[in-house]
Structures are given as structure tokens and as C-alpha cells.
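In: I'll drop the sequence and a predicted model, then ask my questions.
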Amino acid sequence: MATLTLAKALNEGLRKAMENDPKVLVMGEDVGQLGGVFRVTDGLSKDFGEDRVIDTPLAESGIIGTAVGLSIRGFRPVCEIQFDGFVFPAFDQIVTQVAKMHYRSSGNVKLPITIRIPYGGGIGAVEHHSESPEAYFAHTPGLKVVTCSNPADAYWMIQQAVACDDPIVFFEPKRRYWDKAEVDTDSSPADLWSARIARSGTDATLITYGPSVRTCLEASAAAAEEGRELEVVDLRALSPIDWETVFTSARKTGHAIVVAEAPVYVSLAAEVAARVTEQCFYSLESPVLRVGGYSTPYPASRIEEDYLPDLDRVLDAVDRAIGF
Amino acid sequence: MTEVLLPQPSEGPGFVQLLTPEGQRVEHPDYALDISDDEIKSLYRDLVMVRRIDTEATALQRQGQLGLWASLLGQEAAQVGAGRALTERDFAFPTYREHGVAYCKGVDPVTLLGLFRGASQGGWDPNENGFGLYTIVIGSQTLHATGYAMGIQRDGGDGAAMAFFGDGATSQGDVNEAFVWAGSFNAPIVFFCQNNQWAISEPVERQSHIPLYRRAEGFGFPGVRVDGNDVLAVLAVTRAALARAREGSGPSLVEAYTYRMAPHTTSDDPSRYRLAADLETWKLKDPVERVKAYLSRHGVADASFFADVSAAADELAAHVRAACIEMADPEPLSLFDHVYAGGSSLLDEERAGMAAYLASFEGESPAAAKLNVGAH
Ligand SMILES: Cc1ncc(C[n+]2csc(CCOP(=O)(O)OP(=O)(O)O)c2C)c(N)n1
Ligand SMILES: [Mg+2]
């Protein structure tokens, strides 16, 4: 047992992954000596050397494109994209090459690439540093997408992602990097593709992931004071999704609300809402609601609290669902 | 595999300098600069003003008035030299650090602060002063500048475009594509690279094994390395490059060789990756001090001139400070403004929904505020 921040848990997980497999490489901008702008790769360069922890030139397409070549050569690259808004120079490589090479090579080429992206808002940052682009990647066949919400999951999920033979986009909730919790580094982890019941309840289900899990837990605590028991499902894997856990909860409570920071329009939340409606129709007592970002570019930080789903907006949706 | 990082000699046959760090005028065969002492005094004034704006903004960040600041400390001569070479006809496409160019282009420094305070995403009109929006995504603006230059070619204008970018940016695909396009179309553009030796924690040697200015040759246009801490040399070199562009002779690359004296931004901790001793070496090449030395040594300016400049800088800083602190937070509903030129029914619906939601709290504070969990 150790008390770790989410960032430190990722760091420890990466260290384990590098110890377990000499083919694992870490690459990205400022990941070496600096240890990454969030210090997620702190100390790795010192301990594993510059051949395994590569400070790359400033070019995201290069980071992902060379990771493809390194994978073909038998390496297992863990690529860091410094912030969500900077993944787009690499979007071409990710969507046209990374996502399709296994398919195009009749399964002969595996690309065990992990693409780490700190994402989400709430840290008072300037533009391009607060976005939630997960839907683009979940929408791309050939990619798998996961996100952790707490230190224990961070520790295990990063190791599982690195060990996975498919390319994985690994989203890290940057405003939760400093959240601390006990991490049991000896236990065995849950399946990477399973969702987690973060809180059990009977009155309504909050389906969420990444940075919004804590928001939903806080909302559930507030709801409990008013006698309402909310269940919180932390999806963890965004593509593919563990639907059984989601459906079981929605059927049990009869009310489902999906909460995420990304703009709601054509989002991952939209997919969840559609599936729950299809599969749980006769158990639902209200339409599935979505709480999330608006259809605007991520706003200036002094109004980001109005843009982000917060406790009040979640509880407002719960009221609307239950009062339907 | 061993690390091979070739040194990048700062000085050499190609290095243009017109004023030494000690404040001595020197000649360069290709870049004669016919400049009056009054003009040098006004360059000095700009250097001091720009440094003062920067110091004030750094202080405002420390005091919580700005969320972030990207300091230009050490790069004043590169920016004032290039900024003063630009005329009203020319258009500058900046990164996020070109506060000195903005100043020379007539942009009120307060305009720049909204972005760093978190009150806007920039918000200014690029056409007002020929100064584009700050661009944080590394390298994007170099293509915009190239396209703008192609526009000048096509509508018979007589100005030029100038693209600002850093040493790190030279690795980015967009920047290399901009070089290809500008060369292919012989576009009237100057690529102005401030090589401040660092891209956050990565030294320039990570980006290139040859001096950056020599990259230009491969793209088919001239490149020159200038002492980026020498405002006279930067002015002469960028004036020549702009003249070349305007007369139809095509693009060029200017590498202003300088040093980032401050952290990358106020969020950065450079003690993790560079030696304090390097700062000492570069302090001796200070861009402001060398002009002051020249002006004093030649009896061009006396104590009262320096006192006046300093007082004017303090006055500007006071204006920046007051305007920053008074800058109002945007209204929540303003987040829907300006997404489209033609509006959108989707946004109309969302705006109405948010307005109704906010109205439901009339007279009571939201639970999030009561529990103090809204802002992490
Ligand atoms: C596409 C992209 N990737 C990464 C970043 C994060 N980032 C911000 S500044 C910077 C370094 C830029 O170095 P350089 O081009 O030399 O400019 P300088 O900051 O030194 O002025 C990086 C990596 C970014 N803003 N955009
Ligand atoms: Mg730089």
C-alpha cells in the first residue's frame, strides 16, 4: 500500500512497465530530463537511459509516426502528447496509420502503442490545454480508448495498456493529477475493459469517466444528504465499453444520466445514451439525459466553471430524470 | 547507441552583428545600417518599454491576476528589431511570446493580457494593426503567414508577411510545409525564427544538427543568422529581408540567435534542465545594456534621457497593471458568442437552456458554491 497522487501512480506504473519489458520505450516532448510538464515521467530517463526515454523533436506527427516504425521493429512505445489540444498534428498518423495497420497487414503487424494524453479542463489554463477530444478516437475503428479517474486505476491501467497488443489512446484527467489515494500495488487489477461501480445506489445511475467521476461522486454525496442514493458507474474503457455493467445499473435504478466534459453534441455520451435507450428501454422510467460541455470551443478559463458539468448541473439532471 | 549532438557555433562568417555586447558599433559588408542617433535612442526606448511590460506581466501573474505569462526576457532586441522593421503594410503572425513585436505594431499591451488572464481567447482584430492572434499550437501560424503572403501576391499589395516562430517549432511539419510553399510560390514572406536555445526543456541541438538558418538553403531561399541580442543588426537584416520580399524576390529565413532568460512560462522550473551559469554568460550579452552603453559612451544620451525613458516605462506599467486588474470576467452566456459568423440553431437552443438554468438560481447560491467544490 502506498499513498500516491494520480500523476505519481502513472509514474510508478510506467516504471513497472519498463522494468517488466525491455522493449517498452517512453517518448515525447520534455519527457526526459524535465520528467514531462506534469512530471508523469519523472526520473525514468535517469533510471532507464536516453535510449528508452526519448526527448523527441517538437513534432507530434513525428512522435506517432516513428512509434509506428519502432513497433514494426518490435518495440512497445508509450507516446506522450503534452496536452489534448496538441494531438492534432499527429491525428493523421493516428487515424490513417496506427488505427489501420493491423487490419491492412492481415493481422501480421501489431502496433502495441500507448498514446498518453492529459485531457479535460478545470485547471485555469490558456486555450488548447483543456479539451476533451476522446470522441474522435473512440469513433475511429482500430483504436482502443481508456481513461483513468483515480490513482489506483492509473497505476494498473497504464501497465495494462502498455501490455496490450493493440494501439490504445490513454486519456489522463489532468485536473485530477494531484488527487491522492491509497494504491494497493500487490493486489491484482480489474480487467482493463471493465467498468467500475464507483458508488452503489438505487435511485438513479450516473454514467461517467475520467475527471467527471469525482464530480459525480461529490454530487452523489450531496444527493445522499437529501436522501437520494445515486449509483456512479466509472466507464474506464471508452472503446470498447463494458455495456453489461452499464445496463445492469440502468435497469436497476431506472434512470440514467451520462456526465462528461466533452461537448454533448455527437459525443461519447450520445453513444452511451443511445445504447442504454435501446437495451434498457422497458426498465427506464425517464429518458437518458446527458450533462456535458456546450457546442462551443473550450472557453476562456474565467468562465470554464460555467462550461464544465459541475455538481449542480448533475443534480439538476437527476431532479429532471426522477421528476420526469 | 550514443548521443551525438553537434555544437552550434553562435559566431562565424555568417553571423551578423552591428553592435557588440560592449556597445561598440561594427560594420558588416552586407548589412550597412544608416541610422541616426535619435533613431537609436528611440530603439532604446522601445527595448526598455517592452522589458517593462514583461516584468509587470510576470509580477501580475505572481499576484494571481494572470493565469500564465510567457516572458520574452532576453529577446527584446530580436522583437524590437523585427517589429521596427515592419511597416504598416506588413502583417505579423506571432507565437505567444511576441509582446515586443505587438508593442512595435502599436498594439496596447493590455490587449494581450486577456488571453493570459483567462478573460478571452485573444479577442483582438488582427487587421487593426497587422498583428495576428497569438498562436499556441506550435508552428500553425507559419502557414497562415505564407497564405497571407500569397494573397499579397494576388491582390497587388505591396507589403510582406512575417512569420514568427521558435527554434523548437522548426521541427514541426507545418513549418516545413510553410517553407516549401513559400519557396514554391516565391511568396513575399520573412520567416523570423527566434532561436532562444530552448523549447521548454529541450536544447536546440535536439531539433537540428546544423545551424537553423542553413535549413533555408535546402528549401531554395536564403537564410541568415543575426545576433538576436543586437537590435541594430536585427533591424538591418529584417529590413533587408522585407525589402527583398516586397520587391518580388521571395522568402527568406532570419535566425535571431538569442537566449530565453526566463522560465519557458511562469509554470516552468528551468532549474530541472539547465545551468544557472549559462544565464550568467548570456547576461553579458544583454540586449538593452549594450544600447545603453553605446548611447552613454558616445555622449548621445545623458542621465535625464535615461530617467525620462524609465519614467515613461513605469507609467506604461502602471497602465498595464490597472487595466489588467480592472478587466472584467466574461459573462457566462458570452461563451456562446462568436462561435459562428452566421449563428446556429444548436447554439441558440443551448444558450436558452443555460439562461434558464442560471435563472433557476435567482436569489440562491448554487450548491457547488456552498460546498466550495466548483473551482479546483
Ligand atoms: C503542437 C504543439 N505541441 C506542443 C506544444 C507545447 N509547447 C508549448 S511551447 C513549446 C516549446 C516551444 O519552443 P520554441 O518553438 O523554441 O518556442 P519558445 O517557447 O522557445 O519561444 C511546447 C513544446 C504546443 N504548444 N503545441
Ligand atoms: Mg525556443
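Out: Sure thing, it's come through. In this text the structure is predicted, and so the values were computed from the model without any measurement. Ligands and ions are numbered 1, 2, ... in the order given.
In: now residue B:39: which helix or strand?
Out: Per DSSP states H and E: residue B:39 is located in helix B:37-62.
In: what mean pLDDT does that helix have?
Out: Across helix B:37-62, the average pLDDT comes to 98.
In: any idea which helix or strand comes after it?
Out: As assigned by DSSP H and E, the chain's next helix or strand after helix B:37-62 is helix B:76-85.
In: buried residues, that following helix. List them.
Out: For helix B:76-85, a neighbour-count test (16 or more other C-beta atoms under 10 Å in any protein chain shown) marks B:76, B:77, B:78, B:79, B:80, B:81, B:82, B:83, B:84, B:85 as buried. Bear in mind the C-beta positions are built from the backbone N, C-alpha and C, glycine included.
In: same check on stretch B:148-163?
Out: By neighbour count on 16+ other C-beta under 10 Å, the buried set for stretch B:148-163 is B:148, B:149, B:150, B:152, B:157, B:159, B:160, B:161, B:162, B:163.
In: so what does the one helix or strand the second one maps to touch, helix or strand wise?
Out: Counting by DSSP H and E, the secondary-structure element that holds residue B:149 is helix B:140-155. Using 3 or more C-beta pairs under 8 Å, 6 or more residues apart in numbering or on different chains; DSSP states H and E as the contact test, the elements touching helix B:140-155 are strand B:91-93, strand B:161-166, helix B:173-185, strand B:189-195.
In: mean pLDDT and distance to residue A:69 for these - can I get that in CSV?
Out: Compiled in CSV, the helices and strands packed on helix B:140-155 are given as follows (pLDDT from 0 to 100; distance: least, C-beta to C-beta, whole Å):
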stretch, mean pLDDT, distance to residue A:69
strand B:91-93, 98, 33
strand B:161-166, 98, 27
helix B:173-185, 98, 16
strand B:189-195, 98, 28
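In: now those as TSV including distance to residue A:145?
Out: As requested, the helices and strands packed on helix B:140-155 are exported to TSV (distance: least, C-beta to C-beta, whole Å):
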stretch	distance to residue A:145
strand B:91-93	35
strand B:161-166	32
helix B:173-185	24
strand B:189-195	37
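In: out of the ones you listed, flag the one nearest ligand 2.
Out: Ligand 2 lies closest, by C-beta to the ion, to one member of those: strand B:161-166, at 3.6 Å.
In: how big is the angle separating the closest one from helix B:76-85?
Out: Interaxial angle, strand B:161-166 versus helix B:76-85 (axes from the mean of the first three to the mean of the last three C-alpha atoms, to 10 degrees): 170 degrees.
In: so what touches strand B:161-166?
Out: Residues from elsewhere that reach strand B:161-166, judged by C-beta atoms under 8 Å, 6 or more residues apart in numbering or on different chains: B:82, B:86, B:90-95, B:97-98, B:101, B:138-139, B:141-142, B:144-146, B:148-149, B:152, B:175, B:178, B:187-196, B:199, B:238, B:242, B:245.
In: filter the residues you listed by proximity to ligand 1?
Out: For ligand 1, the contacts drawn from these by C-beta under 6 Å from any ligand atom are B:95, B:97, B:138, B:196, B:199.
In: now for the residues you listed, which pair is the farthest apart?
Out: Across these, no pair lies farther apart than B:138 and B:196, at 13.7 Å, counting by C-beta to C-beta.
In: so which of the buried residues of stretch B:148-163 comes closest to chain A?
Out: residue B:163 (16.0 Å; C-beta to the nearest C-beta).
In: could you find the closest non-adjacent residue to the residue of the stretch 151-300 of chain A found nearest ligand 1?
Out: Residue of the stretch 151-300 of chain A nearest ligand 1, by C-beta to the nearest ligand atom: residue A:174 (13.5 Å). Nearest non-adjacent residue to residue A:174, counting by C-beta to C-beta, 6 or more residues apart in numbering or on different chains: residue A:118, 4.0 Å away.
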